[in-house]
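J.: Sharing a sequence plus its predicted fold:
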Amino acid sequence: MQEWVSARAADATLGPAASRVVDILATQPRLASYASTAELAERASVNVATVVRTARALGFEGWPHLRLELRNRYLTSLSARQLLAEEAGDLPLAAIRRDLENLETLAHTVDTGAIRAVARAIDRARRTVVLGSGTFAAPGVQLAHGSTSMGRDVLMERHFGTHLANTVARLGEDDCLVAVNLWWLPTQVLEAVRIAHEAGTTTCVVTDLRTSPLVAVADHVVVVPSEGVSSFPSVTAAMAVVHGILAELAQLGGDATRRAMERTETTWSRMGLFGESR
């Protein structure tokens with residue numbers, strides 16, 4: 001955290017007051033990742049306006065955006081055991097409340113233009129490959145399922161190693177790759193996005209770190225909060241973004257999407273996939 005904050009500050013022109021804010025960010029990351037503007041200002045002995053100016057000097061739109069980055073970086077620095085130790089008490093209720101907080105943060109910080117751009121990229125692509133590993137594959141599964149239900153050629157790549165390599169090798173300029181990555185970044189996911197980007201494929205990333213290495217090779221980036229309870233970050237905000245992409249995709253498709261969904265549901269019915277549920 002100290003190295004990251006110092007690197008950001010090195011490229012900024014900061015006065016004495018702003019430097020005190022930066023010192024708090026570097027030396028007290030847990031406090032900074034949860035503090036309000038007023039709380040951080042009080043701790044640094046500056047006014048609220050100084051905190052906002054410092055955030056902008058470090059390359060962020062404002063304090064909420066910088067705090068989101070700090071929080072996600074702080075949580076990424078913890079092990080699963082340390083994450084578990086962060087919480088106590090009624091964990092199920094704490095998890096629900098945390099997700100509500102994440103969605104509130106998302107509503108105030110998300111770039112809806114980026115969400116629409118991802119939807120347009122999928123809409124225009126010949127085919128789309130979606131990447132996600134472990135727990136964080138869930139939003140990708142939802143994106144692929146919803147998109148294919150609307151008639152789009154979208155594949156959720158579940159197999160890594162040579163299978164993933166072969167899939168990425170076939171991507172070209174008419175295709176799209178969407179990577180959903182929270183917390184730790186698998187090497188194969190990063191390299192797959194790099195290879196696709198070099199091939200001219202439209203690359204889209206949903207991540208919890210604005211400074212993730214994925215951002216440098218992404219055409220469109222959506223940043224989400226991922227703070228969770230217990231051993232794993234939350235995918236609720238990422239799932240909400242996926243639902244936003246799907247809603248935009250449905251609107252882009254218009255009548256063609258409606259007809260495709262009707263064909264999909266007819267096929268489900270003919271294959272007897274669902275019994276009487278009502």
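T.: Looks like it arrived, so ask away.

J.: alpha carbons only for contacts and neighbour counts from here, please
T.: Will do.

J.: and the helix or strand harbouring residue 17, what does it pack onto?
T.: Per DSSP states H and E, residue 17 falls inside helix 16-27. Contacts defined by 3 or more CA pairs under 8 Å, 6 or more residues apart in numbering; DSSP states H and E place helix 16-27 against helix 2-10, helix 37-44, helix 48-57.

J.: Need the distance between the two termini of stretch 225-235.
T.: One end of stretch 225-235 to the other measures 9 Å (CA to CA, to the nearest Å).

J.: shaky segments in the protein?
T.: 78-89, 230-231, 276-278 (pLDDT under 70).

J.: Helices of that one, start to end?
T.: 2-10, 16-27, 29-34, 37-44, 48-57, 63-76, 80-85, 91-109, 112-124, 138-149, 162-169, 187-198, 236-270 (DSSP state H).

J.: Next, the angle helix 91-109 makes with the longest one.
T.: Same thing as helix 236-270. Calculated by axes from the mean of the first three to the mean of the last three CA atoms, to 10 degrees, helix 236-270 forms an angle of 100 degrees with helix 91-109.

J.: that older thread, make a markdown table out of the helices and strands packed on helix 16-27 and add mean neighbour count.
T.: Below are the helices and strands packed on helix 16-27 laid out as a markdown table (neighbours: other CA atoms under 10 Å):
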| stretch | mean neighbour count |
| --- | --- |
| helix 2-10 | 14 |
| helix 37-44 | 17 |
| helix 48-57 | 19 |
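
J.: just to revisit the earlier point, identify each buried residue in the helix holding residue 17, please.
T.: 17, 18, 19, 20, 21, 22, 23, 24, 25, 26 (16 or more other CA atoms under 10 Å).

J.: Would you mind listing the residues in contact with the fifth one?
T.: In this case it means residue 21. Listed by CA atoms under 8 Å, 6 or more residues apart in numbering, the contact set of residue 21 reads 40, 41, 44, 46, 51, 54.

J.: ok, so what distance separates it from residue 105?
T.: Residue 21 is 22 Å from residue 105, by CA to CA.

J.: so the residue most central in space within the chain bridges to which residues?
T.: Nearest to the mean C-alpha position of the chain, by CA atoms, centre = their mean, lies residue 207 at 2.7 Å. Note on residue 207: beta-bridge partners by DSSP bridges are residue 181, residue 223.

J.: thinking it is in contact with residue 180, fair?
T.: Yes. If you go by CA atoms under 8 Å, residue 207 and residue 180 touch, sitting 6.2 Å apart.

J.: Turn the contacts of residue 21 into CSV, columns for distance to residue 184.
T.: CSV is the format used below for those (distance: CA to CA, whole Å):
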residue, distance to residue 184
40, 27
41, 31
44, 31
46, 34
51, 29
54, 28
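
J.: From those residues, pick the one nearest residue 236.
T.: residue 40 (27.3 Å; CA to CA).

J.: And the closest one, how far from residue 34?
T.: Distance from residue 40 to residue 34, by CA to CA: 9 Å.

J.: With residue 198 instead?
T.: 38 Å.

J.: quick revisit: which stretch among the helices of the chain comes nearest residue 213?
T.: Across these (criterion: CA to CA), the nearest stretch is helix 187-198, sitting at 7.4 Å.

J.: list the buried ones in that closest one?
T.: Going by neighbour count (16+ other CA under 10 Å), the buried part of helix 187-198 is 189, 190, 192, 193, 194, 195, 196, 197.

J.: Could you dump those residues into TSV and include distance to residue 128?
T.: Listed next are the buried residues of helix 187-198 as TSV, based on distance: CA to CA, whole Å:
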residue	distance to residue 128
189	15
190	17
192	13
193	13
194	16
195	15
196	11
197	13
